[in-house]
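Undergrad: make a model of this:
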Amino acid sequence: MYFVYILYSETLDKYYIGSTANVEKRLEKHLQKHSGFTARAKDWKVAFSEEFSDCLLRPKV
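TA: Residues are numbered from 1 along each chain as shown. From the prediction side, this is the model:
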């Protein structure tokens, strides 16, 4: 299964869109120390996720 997900940071008042096979593990990576857009805040929450059986069927993000 594949997921399209949207994270929201209240601190930044910004959204982040991504895709993954495991939303929970991907959120953990976003919250860990790393460089990249999501490193600017530590309060990311999953605002939306949708599961697809085939990654070719999901909309392009």
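Undergrad: quick check: residue 4 touching residue 21?
TA: No. Taking Cβ atoms under 8 Å as the definition, residue 4 is not a contact partner of residue 21, at 11.5 Å. Quick note: C-beta positions are derived from backbone N, CA and C, even for glycine.
Undergrad: which of the two has more neighbours?
TA: The neighbour comparison of residue 4 against residue 21 (other Cβ atoms under 10 Å) goes to residue 4, with 19 against 10.
Undergrad: partners of the more buried one in the sheet?
TA: On the basis of DSSP bridges, residue 4 is bridged to residue 19, residue 50.
Undergrad: can you tell me how far it is from residue 11?
TA: When Cβ to Cβ, to the nearest Å is the yardstick, residue 4 and residue 11 sit 23 Å from each other.
Undergrad: what does residue 22 give?
TA: Separation of residue 22 from residue 11 (Cβ to Cβ): 25 Å.
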